[in-house]
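**Q** no sequence for this one, just the structure:
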């Protein structure tokens, strides 16, 4: 059985983009693959969360994973920091990673630009990509070596497949590079080169409500699985629209198409057809469309929200899940690390 590995940072709640873009498929493939799903709490340390918030965030993501349908009897669901082998492999891989290639990663360059913008009190767009002025800017080493830790997460379970979007393809390619570099340097095929996994279909891009880009935590344009009915309705009713089409069969602007894209995920086909026809003949009322979309999102997410509450408050169940997940993940990780240590030359006296 092929192995699939994926994780998510323990920051904030999961939103519809997380669910339809990945989590829904995670639930499906846990029936067919050897799946390792983890909560990336080590990665979240780059932002120095308060210890109380740190633990609560891990608990939140764990409860939401479970409420959305991940089954600890069918997949290995664990907390990253519960598997110390990940950190040891991270050290070994860091010895094979080059400063120049890490500095060239898009994610690191974006973080540097953001830090410079914050230090200067300007917008990120005001910082040139080739800006070399680092005065007053401190970038922690964890951000620089972030891709190495991601590679360790993947390679520690000798993953065959990793579900990734376009924005993460560079990190997956770096994991492949480190796997190849390790194997070549030590003359042993310890790590397979993982491949991107798209669930046999084109990836779903769930749009945000601000009329641009995709739904994301940092963009503040998302609808979360834990949002209540009032919050969801308020967010949807604020979504960007216009005065409506002026001529029959007019093309839709992106921000209107975004609403129909969301509707396609949660509404009945007959409802979607009704509003598309109204748009085509210029009779559409965006207020009615938004009310319908909000109602359909609530119908979909509110049962998940109830399960999240039940699971989040069940200490005994969460302890069982994390303990079981850590045991299974460590068994896999220890086997891989033993191969890596042997290849490097570590011996027990």
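**A** That came in fine, so what should we check first? Computed from a predicted structure; not experimentally measured. Numbering: from 1, shown residues only.

**Q** got the residue ranges for the helices in the stretch 151-300 of the chain?
**A** Taking DSSP state H, counting those that start in this stretch, the helices of the stretch 151-300 of the chain run over residues 169-186, 229-237, 254-266, 269-280, 286-312.

**Q** so how far is the third one from its chain's centroid?
**A** Read that as helix 254-266. The chain centre lies 21 Å from the centre of helix 254-266; the measure is Cα atoms, centre = their mean, to the nearest Å.

**Q** packing partners for that helix?
**A** In terms of contacts (3 or more Cβ pairs under 8 Å, 6 or more residues apart in numbering; DSSP states H and E), helix 254-266 is packed against helix 269-280, helix 286-312. All C-beta atoms are positioned from the backbone trio N, CA, C, and that covers glycine.

**Q** Tell me the buried residues in the last one?
**A** To tie it back to what came earlier, the one meant is helix 286-312. Within helix 286-312, the residues that qualify as buried are 286, 289-290, 292-298, 300-301, 304-305, 307-308, 311-312, counting by 16 or more other Cβ atoms under 10 Å.

**Q** go on, the shortest one?
**A** In terms of neighbour count (16+ other Cβ under 10 Å), helix 269-280 has its buried residues at 271, 272, 274, 275, 278, 279.

**Q** any idea which of these is closest to residue 342?
**A** Top of the list for closeness to residue 342, among the buried residues of helix 269-280 and by Cβ to Cβ, is residue 272 at 57.2 Å.

**Q** give the contact list for the nearest residue to residue 58 once chain neighbours are set aside.
**A** Nearest residue to residue 58, sequence neighbours excluded (Cβ to Cβ, 6 or more residues apart in numbering): residue 10, at 4.5 Å. Residues counted as contacts of residue 10 (Cβ atoms under 8 Å, 6 or more residues apart in numbering) are 39, 40, 41, 44, 54, 57, 58, 60, 61.

**Q** what would those residues look like in JSON lines with distance to residue 72, pLDDT and secondary structure?
**A** JSON lines is the format used below for these (distance: Cβ to Cβ, whole Å; pLDDT from 0 to 100; DSSP: H, G, I helix; E, B strand; the rest coil):
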{"residue": "39", "distance to residue 72": "13", "pLDDT": "95", "secondary structure": "strand"}
{"residue": "40", "distance to residue 72": "18", "pLDDT": "93", "secondary structure": "strand"}
{"residue": "41", "distance to residue 72": "18", "pLDDT": "94", "secondary structure": "helix"}
{"residue": "44", "distance to residue 72": "22", "pLDDT": "90", "secondary structure": "helix"}
{"residue": "54", "distance to residue 72": "22", "pLDDT": "90", "secondary structure": "helix"}
{"residue": "57", "distance to residue 72": "20", "pLDDT": "92", "secondary structure": "helix"}
{"residue": "58", "distance to residue 72": "15", "pLDDT": "94", "secondary structure": "helix"}
{"residue": "60", "distance to residue 72": "17", "pLDDT": "94", "secondary structure": "helix"}
{"residue": "61", "distance to residue 72": "14", "pLDDT": "94", "secondary structure": "helix"}
